[in-house]
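Colleague: Sequence first, predicted model second:
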Amino acid sequence: MRIAVIGTGHVGLVSGACFAAKGHQVVCVDIDPERVQAINEGRVPFFEAGLEKLVQEQLTQGLRASLDLPAAVADADVILIAVGTPFDGHRLDLRHIEKASRQVGEALRDHTGVPLVLVKSTVLPGTTDGLVREQLEAGSGRKVGEGFSLGMNPEFLREGQAVSDFMVPDRIVLGGSDDRSHEIQAELYRDFPCPDVIRTDNSTAEMIKYTSNSLLATLISFSNEIGNLCATLPGVDVRKVMSGVHLDKRLAPILDRSVEADERIRPGILTYLEAGCGFGGSCLPKDVQSLIAFGEDRGASMGILDSVIQLNRRQPEHTLSLIRRHFPDLKGLSVAILGLAFKPGTSDIRESPALPVIRSLLGDGAHLRAYDPAALDTTRAALGPELSSAVRFTDDLAEAVDGVSAAVILTSWPQLKALPELLEPMESPPLVIDGRRMLDPESVPRYEGIGRGPSPDHC
Ligand SMILES: NC(=O)c1ccc[n+]([C@@H]2O[C@H](COP(=O)([O-])OP(=O)(O)OC[C@H]3O[C@@H](n4cnc5c(N)ncnc54)[C@H](O)[C@@H]3O)[C@@H](O)[C@H]2O)c1
């Protein structure tokens with residue numbers, strides 16, 4: 001199939017490269033000339049494991065990037081809209097979707113066939129059949145179901161594992177306004193192995209995506225709330241509490257009772273039932289906030305999700321309270337921030353807990369070093385020149401922790417597993433604040449972890 005992908009962010013570029021790998025002819029369109037040039041030269045403008053190699057391979061096959069949206073659309077059987085849908089502080093910001101839909105609509109005027117327009121961006125229920133449809137029809141002068149088909153195909157990839165998630169999806173949700181839009185999508189995904197393909201209407205497809213992300217965010221904030229309580233209970237550690245909770249056979253089913261040594265399936269969802277310094281990224285915070293605003297507009301109280309967000313906002317400060325237990329005055333204290341990306345495997349720092357932690361520590365007069373293997377440039381850009389100049393950035397872990405008084409783990413990069421070995425020979429090793437509970441508390445000389453109550457000896 002010939003595919004035009006509008007927007008070359010994490011979703012657009014991963015989708016484009018993966019569809020090309022399955023033999024489709026793909027043009028990835030963006031408004032950013034530097035981004036388009038970089039992609040055509042085989043450079044991916046952000047870090048995503050395995051993506052650059054895939055893009056380089058596919059550039060010699062069916063993939064290219066372009067600034068020319070009308071030309072890409074005029075030739076396409078399927079047009080994917082994968083532009084950003086940020087939260088503007090009050091509600092979902094649909095400016096990019098509106099503009100891209102209008103531009104696609106205008107480009108459809110010259111189309112000789114009846115292509116499928118597919119919304120890949122995360123949008124609230126009713127957006128595809130409302131705003132997107134209106135813009136497409138107004139721009140093209142065509143009617144949905146006659147001059148073009150319209151579908152909504154939410155994306156569930158996780159940054160850091162985006163390529164493998166796209167290539168081997170856990171579900172494919174085909175939202176469509178008619179049978180034809182379902183049939184074309186089924187053909188598009190024919191070569192992707194997937195146990196479950198759901199065909200539904202556009203609004204249900206939109207709601208499936210929001211509900212999935214809201215559930216994940218709720219599990220994280222629930223675990224953090226339990227962790228914050230455990231931190232007040234002498235001798236209680238949230239890790240042990242949660243490992244007991246994980247053994248519920250409805251969460252971790254026992255494989256076969258007839259086998260002597262019973263084994264369990266340990267589903268990935270259990271990683272959301274762990275306490276930490278809070279969730280970030282370009283999806284969970286904005287999707288949950290957009291759904292809250294949407295629900296409230298419709299008179300549906302969103303109390304649970306509201307609490308999920310409130311707790312998550314407090315979690316970075318809660319992490320810092322662990323440093324303050326040991327150093328009540330942070331002025332002049334040297335602190336290493338270990339991990340800036342909102343999760344390992346990505347350079348994305350959008351809504352990362354590292355940003356409020358850095359701002360707060362700088363505000364208290366601490367001297368900061370910041371370590372990350374992938375997200376130094378994105379963090380500098382997010383902090384701006386003034387705050388960035390007050391931080392010593394490094395991708396060398398040994399340099400980051402050398403001589404500091406405290407080191408705060410905020411991203412569970414596997415590289416940080418080397419920390420105990422690095423600290424072992426030090427005369428005055430730093431206090432380690434483990435915001436991701438990734439180290440054995442006994443493996444470093446001085447340790448504080450989220451969700452650990454005080455030692456019973458001290459009570
Ligand atoms: N990032 C994720 O992990 C993820 C996962 C699932 C779903 N989503 C959703 O997918 C959508 C895209 O997310 P992202 O992280 O890839 O976004 P992004 O902001 O990283 O990238 C969007 C790209 O679209 C381009 N763009 C904007 N308007 C355009 C236009 N009119 N024409 C051409 N290009 C245009 C921008 O220049 C940018 O490069 C969002 O709705 C997001 O919620 C994201």
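Modeller: That came in fine, so what should we check first? Numbers count the residues shown, from 1 in each chain.
Colleague: just for this protein, where's the confidence low?
Modeller: 257-262, 457-459 (pLDDT under 70).
Colleague: center of it - which residue?
Modeller: Gly281 (4.4 Å; CA atoms, centre = their mean).
Colleague: I'd say that one and Lys343 touch.
Modeller: Yes. Contact status for Gly281 versus Lys343: in contact at 6.6 Å, counting by CB atoms under 8 Å. The C-beta positions use only the backbone N, C-alpha and C, and glycine is treated the same way.
Colleague: For these two, list the residues in contact with both.
Modeller: Residues touching both Gly281 and Lys343 by CB atoms under 8 Å, 6 or more residues apart in numbering: Glu159.
Colleague: quick one on the thing from earlier: what's the separation between the residue nearest to the centre of the chain and the ligand?
Modeller: As for Gly281, its distance to the ligand is 7 Å (criterion: CB to the nearest ligand atom, to the nearest Å).
Colleague: list the contacts for that residue?
Modeller: By CB under 8 Å, 6+ apart, the contact list for Gly281 reads Glu159, Phe342, Lys343, Asp348, Arg350, Glu351, Ser352.
Colleague: if we go to 7 Å?
Modeller: Glu159, Phe342, Lys343, Asp348, Arg350, Glu351 (CB atoms under 7 Å, 6 or more residues apart in numbering).
Colleague: what does Phe148 give?
Modeller: With CB under 7 Å, 6+ apart, Phe148 has these contacts: Leu108, Val114, Pro115, Val117, Leu136, Ser140, Arg142.
Colleague: Just the ones of these in helices?
Modeller: Residues from these lying in helices, with DSSP state H as the criterion: Leu108, Leu136, Ser140.
Colleague: wait, which of these is closest to the ligand?
Modeller: The closest of the ones in helices among the contacts of Phe148 to the ligand turns out to be Leu136 (CB to the nearest ligand atom; 13.4 Å).
Colleague: State the helix or strand in which the nearest residue to the closest one once chain neighbours are set aside lies.
Modeller: In space, and not counting its chain neighbours, Leu136 is closest to Gly105: 4.2 Å by CB to CB, 6 or more residues apart in numbering. Gly105 is part of helix 95-108, with elements assigned from DSSP states H and E.
Colleague: From the contact counts, what lies against that helix?
Modeller: helix 69-74, strand 78-81, helix 133-140 (3 or more CB pairs under 7 Å, 6 or more residues apart in numbering; DSSP states H and E).
Colleague: Redo the ones you listed as a markdown table? Include distance to Glu263 and mean neighbour count.
Modeller: As requested, these are arranged in a markdown table below (distance: least, CB to CB, whole Å; neighbours: other CB atoms under 10 Å):
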| stretch | distance to Glu263 | mean neighbour count |
| --- | --- | --- |
| helix 69-74 | 50 | 20 |
| strand 78-81 | 41 | 27 |
| helix 133-140 | 50 | 19 |
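Colleague: Can you say which of these is nearest to the ligand?
Modeller: For the ligand, the closest of the helices and strands packed on helix 95-108 is helix 69-74, at 5.9 Å, according to CB to the nearest ligand atom.
Colleague: For that closest one, list the C-alpha coordinates in CSV.
Modeller: The C-alpha trace of helix 69-74 is given here as CSV (Å, rounded to 0.1, in the frame of the first residue of the first chain):
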residue,chain,number,x,y,z
LEU,A,69,2.1,17.1,2.4
PRO,A,70,-0.1,17.6,-0.7
ALA,A,71,2.1,15.4,-2.9
ALA,A,72,2.3,12.7,-0.2
VAL,A,73,-1.5,12.7,0.2
ALA,A,74,-2.3,12.8,-3.5
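Colleague: count of residues packed around the closest residue to Asp191 other than its chain neighbours?
Modeller: Residue nearest to Asp191 in three dimensions, not counting chain neighbours: Lys22, with 4.7 Å by CB to CB, 6+ apart. Residues near Lys22, counting by other CB atoms under 10 Å, number 15.
Colleague: Over to the one 10 residues further on?
Modeller: Asp32 is flanked by 15 other residues according to other CB under 10 Å.
Colleague: Same question for the one 10 residues further on.
Modeller: Counted with other CB under 10 Å, the neighbours of Gly42 add up to 14.
Colleague: where does it land in three-state SS?
Modeller: coil (DSSP: H, G, I helix; E, B strand; the rest coil).
Colleague: which residues of the protein fall in strands?
Modeller: Ranges of strands in the chain, per DSSP state E, are 2-6, 25-29, 63-66, 78-81, 116-119, 149-152, 172-176, 197-200, 334-338, 367-371, 391-394, 406-409, 431-434, 447-449.
Colleague: Serialize these to TSV and add fields for distance to Arg313.
Modeller: Compiled in TSV, the strands of the chain are given as follows (distance: least, CB to CB, whole Å):
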stretch	distance to Arg313
strand 2-6	33
strand 25-29	35
strand 63-66	37
strand 78-81	31
strand 116-119	30
strand 149-152	30
strand 172-176	30
strand 197-200	34
strand 334-338	19
strand 367-371	21
strand 391-394	22
strand 406-409	18
strand 431-434	19
strand 447-449	21
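Colleague: check contacts around Gly432.
Modeller: Quick fix: residue 432 reads Val, not Gly. Neighbours of Val432 in contact, by CB under 7 Å, 6+ apart: Ala407, Ile409, Leu419, Leu439, Val444, Arg446, Tyr447.
Colleague: Looking at those, spot the one nearest the ligand.
Modeller: Nearest to the ligand among those, with distances taken as CB to the nearest ligand atom, is Ile409, at 22.5 Å.
Colleague: That closest one touches Ile337, doesn't it?
Modeller: No. In this structure, Ile409 is not within contact of Ile337 by CB atoms under 7 Å, at 8.8 Å.
Colleague: Ok, which of the helices and strands packed on helix 95-108 comes nearest Lys240?
Modeller: Counting by CB to CB, Lys240 lies closest to strand 78-81 out of the helices and strands packed on helix 95-108; the figure is 45.5 Å.
Colleague: picking that back up, ok, the residue nearest to Asp191 to Glu137 distance?
Modeller: Using CB to CB, to the nearest Å, Lys22 is found at 31 Å from Glu137.
Colleague: Let me know how buried the residue lying closest to Gly276 once chain neighbours are set aside is, in neighbour terms.
Modeller: The shortest distance from Gly276 to any non-neighbouring residue, by CB to CB, 6+ apart, is to Arg436 (5.2 Å). By other CB under 10 Å, the residues close to Arg436 number 23.
Colleague: Could you report the distance from Arg436 to the ligand?
Modeller: 19 Å.
Colleague: is it true that that residue touches Ile409?
Modeller: Yes. Applying CB under 7 Å, one finds Arg436 in contact with Ile409, separated by 5.4 Å.
Colleague: Next, the residue nearest to Asp191: phi, psi?
Modeller: Note on Lys22: its backbone torsions stand at phi -90, psi 10 [degrees, to the nearest 10].
Colleague: what sits against the residue in the chain positioned nearest to the ligand?
Modeller: Here the residue of the chain nearest the ligand is Gly9; by CB to the nearest ligand atom that distance is 2.1 Å. Each residue near Gly9 by CB under 7 Å, 6+ apart is listed here: Ala82, Gly84.
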